[in-house]
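*Asks:* Next comes the sequence, and after it the predicted model I'd like to discuss.
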Amino acid sequence: MPQYNEMIELSVEDMDLIETALRGSVASLSQAALDNGEDGKADREETLRRIHDLLGKLHDQKVFYRPKTGVYLGG
């Protein structure tokens, strides 16, 4: 059985492309839910849940700017 490479090297652009593709998948699945109603609802919901979880993991790995000194005013 093959093992996973633990030293994955992705650039910021790669991560942005992945995030954009996942958001496009969410939009497609959501539109399909509106068009098809109850057909394949359980599978679609599970896929949407997994995509949202993955998007959350990607978001948690981002480093947002915060000044080293002074008060941080977000917004």
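*Replies:* Nice, thanks for sending it over. Numbering: from 1, shown residues only.

*Asks:* Spit out the contact partners of the residue nearest the centre of the chain.
*Replies:* Residue closest to the average C-alpha location in the chain (CA atoms, centre = their mean): Leu55, at 1.9 Å. In this structure, Leu55 makes contact with Glu19, Leu22, Arg23, Val26, judged by CB atoms under 8 Å, 6 or more residues apart in numbering. Heads up, the C-betas are built off the backbone N, CA and C, glycines and all.

*Asks:* what do you get if the cut-off is 6 Å, keeping everything else the same?
*Replies:* Listed by CB atoms under 6 Å, 6 or more residues apart in numbering, the contact partners of Leu55 are Leu22.

*Asks:* Quick check: buried residues in the helix or strand harbouring it?
*Replies:* Assessed by DSSP states H and E, Leu55 sits inside helix 41-60. Using 16 or more other CB atoms under 10 Å as the test for burial, helix 41-60 gives Arg44, Ile51.

*Asks:* Please apply the same query to stretch 9-28.
*Replies:* Here stretch 9-28 shows Leu22 as buried, counting by 16+ other CB under 10 Å.

*Asks:* For it, give the mean pLDDT please.
*Replies:* The average pLDDT for stretch 9-28 rounds to 93.

*Asks:* Provide the contact partners of it at residue level.
*Replies:* Contacts for stretch 9-28 (CB under 6 Å, 6+ apart): Ile51, Leu55, Leu58.

*Asks:* Pipe those residues into a markdown table and attach pLDDT and distance to Gly70 per row.
*Replies:* Compiled in a markdown table, the contacts of stretch 9-28 are given as follows (pLDDT from 0 to 100; distance: CB to CB, whole Å):
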| residue | pLDDT | distance to Gly70 |
| --- | --- | --- |
| Ile51 | 96 | 38 |
| Leu55 | 94 | 31 |
| Leu58 | 90 | 29 |
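
*Asks:* which one of those residues is nearest Tyr4?
*Replies:* Leu58 (17.7 Å; CB to CB).

*Asks:* Distance check, that closest one against Ser25.
*Replies:* Between Leu58 and Ser25 the computed distance is 13 Å (CB to CB, to the nearest Å).
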